[in-house]
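A.B. asks: Sequence isn't available, so here's the structure alone:
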Ligand code: FE
C-alpha cells in the first residue's frame with residue numbers, strides 16, 4: 001500500500017485547458033453549468049452536485065469564504081483535462097488537482113488554490129489511518145493507488161509542513177462526504193457570489 005510519487009501514473013501530465021477559452025471567472029461558471037451534469041467518477045452524483053455538496057459542507061462547518069470557494073472548485077481540473085469518462089477506471093491519473101490549482105491561480109488567491117492543489121495529497125496523508133481509508137468510495141480507493149498510495153512517514157512529514165495542508169485535510173473530509181444522491185444545496189449562483197468576493201479581495 002505504501003507508495004511514493006514515483007509510483008504515480010505518468011500517462012497524462014498536468015496541462016493547460018487549451019480546448020477551452022477560460023478567459024475569466026464567468027467562463028469557469030459556464031463550464032460548471034455546461035458540463036456539471038456529467039456523472040462524477042462512478043459516484044451517485046454529478047460533478048456539479050458534488051461541487052455544491054462540498055461547498056455546502058464547508059459553509060456548514062463554518063469555513064471562511066476562501067475555503068468555501070476551494071470546496072466548490074476543488075475538482076474543476078476534472079472538467080478541463082479533456083480526458084473522457086472516468087480516467088481512474090482506465091488506469092489514468094488526470095492530475096486534476098494540479099491542473100485545477102494552476103487554472104484557478106489566474107483569478108484566486110493561494111488560500112483557495114493551495115487546498116485545491118493539496119487535496120489529493122491530503123487523501124494520501126489521511127489514508128495513513130486505515131479506518132479512514134476503508135470509508136473511501138471505490139473510485140477514491142482506486143484513484144488513491146494511481147496517485148501514489150498511502151504516504152510513508154517522510155512524505156507525511158513533508159506534506160504536513162506545507163501551508164494549506166490543514167485546509168486541504170478539511171476539504172478532503174468534505175470531499176469524501178459530498179457524494180450522496182439527492183442532497184439539497186444552495187445553488188451555483190449563490191456560491192458564485194462567494195467566489196467573486198474572494199477573487200475581488202485578492
Ligand atoms: Fe472531489
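C.D. replies: Thanks, I have it. The shown structure was predicted, so the numbers you read here are calculated from the model rather than taken from an experiment.

A.B. asks: all strands for this structure, in order.
C.D. replies: Assigned by DSSP state E, the strands in the chain number zero.

A.B. asks: which bits of it sit near the ion?
C.D. replies: Residues of the chain lying close to the ion by CB under 5 Å from the ion are 75, 175. (Each C-beta comes from the backbone N, C-alpha and C, glycine too.)

A.B. asks: quick one: the helices in the chain?
C.D. replies: According to DSSP state H, the chain carries its helices in the segments 25-35, 47-60, 65-73, 76-80, 96-104, 110-126, 130-134, 138-146, 153-160, 165-177, 188-200.

A.B. asks: Just put the ones you listed in a markdown table and tack on mean neighbour count and distance to residue 41.
C.D. replies: Output for those, formatted as a markdown table (neighbours: other CB atoms under 10 Å; distance: least, CB to CB, whole Å):
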| stretch | mean neighbour count | distance to residue 41 |
| --- | --- | --- |
| helix 25-35 | 16 | 13 |
| helix 47-60 | 23 | 9 |
| helix 65-73 | 27 | 16 |
| helix 76-80 | 23 | 7 |
| helix 96-104 | 24 | 10 |
| helix 110-126 | 24 | 13 |
| helix 130-134 | 11 | 17 |
| helix 138-146 | 18 | 5 |
| helix 153-160 | 13 | 23 |
| helix 165-177 | 20 | 11 |
| helix 188-200 | 16 | 19 |
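
A.B. asks: would you turn those into JSON lines with mean pLDDT?
C.D. replies: As requested, the helices of the chain are exported to JSON lines (pLDDT from 0 to 100):
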{"stretch": "helix 25-35", "mean pLDDT": "93"}
{"stretch": "helix 47-60", "mean pLDDT": "97"}
{"stretch": "helix 65-73", "mean pLDDT": "98"}
{"stretch": "helix 76-80", "mean pLDDT": "91"}
{"stretch": "helix 96-104", "mean pLDDT": "95"}
{"stretch": "helix 110-126", "mean pLDDT": "97"}
{"stretch": "helix 130-134", "mean pLDDT": "93"}
{"stretch": "helix 138-146", "mean pLDDT": "89"}
{"stretch": "helix 153-160", "mean pLDDT": "97"}
{"stretch": "helix 165-177", "mean pLDDT": "97"}
{"stretch": "helix 188-200", "mean pLDDT": "96"}
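
A.B. asks: do you know which of those lies nearest residue 88?
C.D. replies: Nearest to residue 88, of all these, is helix 138-146, at 4.0 Å by CB to CB.
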